[in-house]
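> Below are the sequence and a predicted model; questions follow.
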Amino acid sequence: MNETVALPTSLALDRILTLEVVRVTERAAIAAALLRGRGDEVAADQAAVDAMRSELNRLPIDGTVVIGEGERDEAPMLYIGEKVGVGGPAVDIALDPLEGTTICAKNLPNSLAVIAVAERGSLLNAPDVYMQKIAIGPGYPDGIVTLDMPASEAIRALARAKGVAPREISACVLDRPRHARLIEEIRTTEAAIRLIGDGDVAGVIHTANPEETGIDIYFGVGGAPEGVLAAAALRCTGGQMQGRLVISSDEQRERAERLGISDVGKVFTMEEMARGDVLFAATGVTDGNLLSGVHFGRTQIETETIVMRSSTKTVRWIRTVHHQLEKFNLG
């Protein structure tokens, strides 16, 4: 008699790492890229959601979406708590089918399709509120920078650890009115600032390789779900990150408590946001510092994806040429 033996979750993640997760982000990226530059954020996001959901439901997993498009009454697909997959190891999934909807709609750099897969119970169930974040790359002592430090102090501490003057540090910050004082304080150190219009998952990931990206540290307030995705990515490459929810109403506080966060003022470490064995994948939608966007040719489509795993610190860059255009409704 043949018996089906369930793989340990770690081995199953290894198997998923090969191509299956890549297909999920590739399909979402292509669907969104068909609408980039057309000014319709809602349509581009919905196309990415539909495509990602379709691919997730082909995976050999028992998946639960813990970071998704919102709560069930706000999102008809890929909502928090939605089950995906055809059965297999129990995993949590954090996803953003289109990270940077505005920049995709405007065809600006660094829009991505993003997913993280981890063992059940490993990812923070973050509500869809703002999160204050700070992140740096690998190679520094633990706690060299923290959220409780003024930004100027964090810049100087990082500069000392790196052995350079503060003016040689480059910080990445979302270009938002709420960051006006933060930007002003960073400028007092003479550090350089790279302002980005959207896509703070990519902004955090850039700190993992400052020699190539030119980004040493990430500061600012962005989405809490994106914070968990960024923490999952940084777990795979090495680095440090902290996040703290920004709660501005009783309704937001209640939402956080429903998801199991009783101390809404808690500073979460990277490991608390993404524990255990984590897989992370991102496919470029638009060209950016991290990845090339989707390129459409007459007879083929090209995509570029980064796939990472925390337990091995393995980083794979996958460039794929798709010839079966009918799969993407291109003829």
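Perfect, I can see it now. Residues are numbered from 1 along each chain as shown.

> so what's the backbone phi/psi at residue 243?
The phi/psi pair for residue 243 (degrees, to the nearest 10) reads phi -140, psi 150.

> can you pull the contacts of it?
For residue 243, the contact set (CB atoms under 8 Å, 6 or more residues apart in numbering) comprises 131, 132, 133, 147, 224, 227, 228, 231, 267, 268, 273. Where you see a C-beta, it was placed from the backbone N, CA and C, and this is true even at glycine.

> quick one: average confidence on stretch 57-68?
Averaged across stretch 57-68, the pLDDT comes to 94.

> cool, and stretch 279-287?
For stretch 279-287, the per-residue pLDDT averages 96.

> With secondary structure and pLDDT added, can I get the contacts of residue 243 in a markdown table?
Shown next, in a markdown table, are the contacts of residue 243 (DSSP: H, G, I helix; E, B strand; the rest coil; pLDDT from 0 to 100):
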| residue | secondary structure | pLDDT |
| --- | --- | --- |
| 131 | strand | 96 |
| 132 | strand | 97 |
| 133 | strand | 98 |
| 147 | coil | 97 |
| 224 | helix | 93 |
| 227 | helix | 95 |
| 228 | helix | 96 |
| 231 | helix | 97 |
| 267 | strand | 97 |
| 268 | strand | 97 |
| 273 | helix | 96 |
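
> Buried ones among the residues you listed?
131, 132, 133, 224, 227, 228, 231, 268, 273 (16 or more other CB atoms under 10 Å).

> Out of those residues, the closest to residue 24 would be?
residue 228 (17.4 Å; CB to CB).

> Could you check how far that closest one is from residue 150?
25 Å (CB to CB, to the nearest Å).

> Which stretches in this structure count as strands?
62-67, 83-84, 90-99, 112-119, 130-136, 170-174, 192-196, 217-223, 240-246, 267-269, 278-284, 295-296, 301-309, 314-322 (DSSP state E).

> thought residue 37 was touching residue 107?
Yes. With contacts counted by CB atoms under 8 Å, residue 37 reaches residue 107, the gap being 3.4 Å.

> between the two, who's got more neighbours?
residue 107 (17 against 13; other CB atoms under 10 Å).

> mind checking how far that one is from residue 202?
Counting by CB to CB, the gap from residue 107 to residue 202 is 16 Å.

> What of residue 149?
With CB to CB as the criterion, residue 149 and residue 202 are 24 Å apart.

> Please apply the same query to residue 239.
14 Å.

> Between these two, which is the more surrounded one?
Neighbours per residue (other CB under 10 Å) separate residue 239 from residue 202, with residue 202 holding more: 30 against 23.

> got any ranges where this structure has weak pLDDT?
Counting by pLDDT under 70, the ranges of the chain that qualify are 1-18, 72-73, 325-331.

> Closest to the centroid, which residue in it?
residue 229 (3.6 Å; CA atoms, centre = their mean).

> so that residue touches residue 200, yeah?
No. Between residue 229 and residue 200 no contact is recorded; they are 9.5 Å apart, counting by CB under 8 Å.

> residues shared between the contacts of those two?
By CB under 8 Å, 6+ apart, no residue touches both residue 229 and residue 200.

> List just the nearest of the contacts of residue 243 to residue 59.
residue 228 (20.0 Å).

> List the contacts of the closest one.
Per CB under 8 Å, 6+ apart, neighbours of residue 228: 67, 94, 116, 123, 124, 126, 243, 273, 274.

> what about the closest residue to residue 70 other than its chain neighbours, neighbour count?
Using CB to CB, 6 or more residues apart in numbering and skipping residues adjacent in sequence, the residue nearest residue 70 is residue 128, 5.6 Å away. By other CB under 10 Å, 19 other residues sit near residue 128.

> For stretch 240-256, measure first residue to last.
24 Å (CA to CA, to the nearest Å).

> For it, what is the distance to the chain centroid?
Counting by CA atoms, centre = their mean, to the nearest Å, stretch 240-256 is centred 18 Å from the centre of its parent chain.
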